[in-house]
Structures are given as structure tokens and as C-alpha cells.
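Enquirer: Let's see this in three dimensions:
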Amino acid sequence: MIRASVREAKARFSYLLDMVEKGEEVLILRRGKPVAVIKPVGEGVPLSSMKALRESVSVEGEPVSQTVVGMRGEYRY
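Expert: Have a look, this model is predicted:
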């Protein structure tokens, strides 16, 4: 893990991002105490997988929007 003060991180931000892209993590220190970690973003889920997930989910009952509209009618302002 790379350690950098706030001042150093400001001065070398592009370099630190290059290192993060290569898989390194950067620990940002303020007055010698850790305050943040910059690390690579995960791969995420491909959109095709999300589409398959949505298609596989089955919902029963009335839509939530109808439930909310019905609940609004129950309250008096």
C-alpha cells in the first residue's frame, strides 16, 4: 500500500491514480493519521447479467406504485 500525505497526494494525484489503475491502494494521511483509501474499482456486473437478473425475478401482488397511492388516501392532512 502506498502512503501519501494530503499535500503529497495533491501534488502527485495523477501518478497516484496511475498506480491505483495498476492495482495498488493509496492510503491518504492527514497529520500522520489515515483519513482515506483510494483503491481500484471492482469489475462490476455486466449489463447483460443485470437484464437476466431482472427477467428472472417474479413479483406477485399489486405494483408498489398502486400501494403508495392507496396509502396516501388513508392519511388526512
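Enquirer: For the rest of this, base every contact and every neighbour count on C-alpha atoms.
Expert: Fine.
Enquirer: those helices in this protein, which residues are they?
Expert: All helices of the chain, identified by DSSP state H, fall at 6-11, 13-21, 47-56, 64-74.
Enquirer: Restrict the last one to CA atoms and write it as CSV.
Expert: Once side chains and other backbone atoms are set aside, the C-alpha atoms of helix 64-74 remain, and they are given as CSV (Å, rounded to 0.1, in the frame of the first residue of the first chain):
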residue,chain,number,x,y,z
VAL,A,64,-45.8,-0.7,-5.3
SER,A,65,-46.9,2.5,-7.0
GLN,A,66,-50.5,1.4,-6.5
THR,A,67,-49.9,0.6,-2.9
VAL,A,68,-48.4,4.0,-2.3
VAL,A,69,-51.3,5.8,-4.0
GLY,A,70,-53.7,3.8,-1.9
MET,A,71,-51.9,4.6,1.3
ARG,A,72,-51.9,8.3,0.5
GLY,A,73,-55.7,8.2,0.5
GLU,A,74,-55.7,6.8,4.1
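Enquirer: returning to what we had before: which among the helices of the chain is found nearest to residue 37?
Expert: Among the helices of the chain, the nearest to residue 37 by C-alpha to C-alpha is helix 13-21 (10.4 Å).
Enquirer: which residues are contacting the closest one?
Expert: Contact with helix 13-21 is made by 9, 25-26, 38-40, as judged by C-alpha atoms under 8 Å, 6 or more residues apart in numbering.
Enquirer: Can you flag which of those residues belong to strands?
Expert: 26, 38 (DSSP state E).
Enquirer: burial count for residue 7?
Expert: Neighbour count of residue 7, defined by other C-alpha atoms under 10 Å: 12.
Enquirer: next one: the one 10 residues further on
Expert: A count of neighbours around residue 17, defined by other C-alpha under 10 Å, yields 18.
Enquirer: In contact with residue 49, which residues?
Expert: For residue 49, the contact set (C-alpha under 8 Å, 6+ apart) is empty.
Enquirer: distance of it from residue 41?
Expert: Between residue 49 and residue 41 the distance is 18 Å, computed by C-alpha to C-alpha, to the nearest Å.
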